[in-house]
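Q: model this:
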Amino acid sequence: MGVYANASYNDNINETKDSLESDIILGAGVNLGVSWAPTGQSQLQFGSGIGYNRYLKHPENSGLIVTPDSSLIYSFSLDNVKVTLFDQFNYTREVVSEGALANTGLAPQLDNTIGTRVAWNPDQWTFQAGYSHDDYISDQSGEDLNRSSENFFARGGCLFAEGTEAGLEASDSLTSYEVETQNNSTGISVGAYAKWQLRQSLNLTLRGGPTFYTFNSGSGTAGTPDLLTYYVNLEASQQLTYFLSHQLSINRSVQPGLNGGSAYVEQLVATYSVFLGAHAANSFGNVFHVRKWQPAVPGCTARWIRLAIN
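A: Purely as a prediction, here's the structure:
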């Protein structure tokens, strides 16, 4: 068990293109963690963070949060096959986690993903496959955002050295909304990935490829034209000293949208983090830059500067 406190400055809490409103957010809470190995080939892990965020200028946005990395994981191994069962969950009130929303600073939402993944590592080869079911529930925006998704993925690659591998990956997602007038979607991605350990303290991960979405809308309303786009993810991390490390992350993705605005949101997120301490949870400073594109809504840019001591 541990405690944390953080302070954040957000220059665009409502994610608007014009008339930006800034605020300082103070947060505090507890981190909980349990790890148990019932046998030599299995392990049970639980971790969560529960806290409260206080907005100084806009106290109506204050409230309870459950950190996005909260999870219950059980894994076991059979020779060179590892099976993992997991349930990941979070509760937040910040709009930044929901790409479909703009012009608002408050969006209480619960997101839960349950699933399984299997990893097989014969000799210098590695193969992974998985399935998950995701439920997204918003307790403020009515049923417009409520949805469920079925997600599948597969990956195969070659291990060239310790910490270095490359290969191909593919994923498929089927998303359906509770409200029939929303645009349900099917998304397929195919790409390549590479993990490279340049040196003992420097790691680089790059993945990307094309993504194809098809949309269909209920109640006889016109659907959204098919979308051909791409995804890119770059992560670079370096351990400078035992107590100091930093990380750069750039991620371009597509998220489900809303009929009132658009069926999808293309989003680019860049994050730079500095970690002070022996554990990555001790985040000293983060700088976020987010840019979104919606076909039926003017784009907006939001930036976050976060300093935290956990």
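
Q: got any ranges where this structure has weak pLDDT?
A: For the chain, applying pLDDT under 70 flags the ranges 15-18, 93-108, 139-144, 217-224, 256-263, 277-310.

Q: Tell me which residues of the strand or helix carrying Gly157 come out buried.
A: Gly157 belongs to strand 147-161 when assigned by DSSP states H and E. Neighbour counts over strand 147-161 (16 or more other Cβ atoms under 10 Å) mark Arg147, Ser149, Asn151, Phe153, Arg155, Gly157, Leu159 as buried. Where you see a C-beta, it was placed from the backbone N, CA and C, and this is true even at glycine.

Q: I'd say the third one and Ser171 touch.
A: Right, the one you point to is Asn151. Yes: Asn151 is in contact with Ser171 according to Cβ atoms under 8 Å; the separation is 7.0 Å.

Q: sorry, back to before: can you list the strands that the helix or strand following the strand holding Gly157 pairs with?
A: Toward the C-terminus, strand 147-161 is succeeded by strand 164-177 as the next helix or strand (DSSP H and E). With DSSP bridges as the test, strand 164-177 is paired with strand 147-161 (antiparallel), strand 183-199 (antiparallel).

Q: In JSON lines, list those strands along with distance to Asn12.
A: JSON lines is the format used below for the strands paired with strand 164-177 (distance: least, Cβ to Cβ, whole Å):
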{"stretch": "strand 147-161", "distance to Asn12": "26"}
{"stretch": "strand 183-199", "distance to Asn12": "27"}
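
Q: Out of those, which gets nearest to Ala37?
A: strand 147-161 (25.6 Å; Cβ to Cβ).

Q: can you list contacts of that closest one?
A: Identification of contacts with strand 147-161 by Cβ atoms under 8 Å, 6 or more residues apart in numbering yields 113, 115, 121, 124-136, 165-178, 182, 193, 197, 256.

Q: and these, which are buried?
A: 113, 115, 126, 128, 130, 132, 134, 136, 165, 167, 169, 171, 173, 175-177, 182, 193, 256.

Q: any idea which helix or strand comes after the helix or strand hosting Thr67?
A: Here Thr67 sits within strand 63-78, counting by DSSP H and E. Downstream of strand 63-78, the first helix or strand assigned by DSSP H and E is strand 81-92.

Q: Just want the angle from that following strand to strand 63-78.
A: Between strand 81-92 and strand 63-78, the angle comes out at 180 degrees (axes from the mean of the first three to the mean of the last three Cα atoms, to 10 degrees).

Q: what's the offset of the very next helix or strand once past strand 81-92 from the middle of its chain?
A: Downstream of strand 81-92, the next assigned helix or strand under DSSP H and E is strand 109-120. When C-alpha coordinates are averaged (Cα atoms, centre = their mean, to the nearest Å), strand 109-120 and its chain have centres 12 Å apart.

Q: Following strand 109-120 in sequence, what is the next regular element?
A: Counting by DSSP H and E, what follows strand 109-120 is strand 125-138.

Q: Show the secondary-structure elements that the strand holding Thr67 is packed against.
A: Packing partners of strand 63-78 (3 or more Cβ pairs under 8 Å, 6 or more residues apart in numbering; DSSP states H and E): strand 23-39, strand 42-55, strand 81-92.

Q: strands paired with the second one, and their directions?
A: The one in question is strand 42-55. For strand 42-55, pairing defined by DSSP bridges yields strand 23-39 (antiparallel), strand 63-78 (antiparallel).

Q: deepest of those strands, which one?
A: Neighbour counts (mean count of other Cβ atoms under 10 Å) averaged over each of the strands paired with strand 42-55 peak at strand 63-78, with a mean of 16.

Q: give me the number of residues near Leu234?
A: Residues within reach of Leu234, counting by other Cβ atoms under 10 Å, total 15.

Q: Using PDB, write out every CA atom in the helix or strand containing it.
A: Using DSSP H and E, the element containing Leu234 is strand 227-239. Only the C-alpha atoms of strand 227-239 are listed here, as PDB (Å, rounded to 0.1, in the frame of the first residue of the first chain):
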ATOM      1  CA  LEU A 227     -12.400   4.800 -43.500                       C
ATOM      2  CA  LEU A 228      -8.900   3.900 -44.500                       C
ATOM      3  CA  THR A 229      -6.300   5.300 -42.100                       C
ATOM      4  CA  TYR A 230      -3.200   4.100 -40.200                       C
ATOM      5  CA  TYR A 231      -1.900   3.600 -36.600                       C
ATOM      6  CA  VAL A 232       1.600   4.400 -35.300                       C
ATOM      7  CA  ASN A 233       3.100   3.900 -31.900                       C
ATOM      8  CA  LEU A 234       6.700   4.900 -30.900                       C
ATOM      9  CA  GLU A 235       8.100   4.500 -27.400                       C
ATOM     10  CA  ALA A 236      11.700   5.200 -26.300                       C
ATOM     11  CA  SER A 237      12.800   4.800 -22.700                       C
ATOM     12  CA  GLN A 238      16.200   5.300 -21.100                       C
ATOM     13  CA  GLN A 239      17.400   4.500 -17.600                       C
END
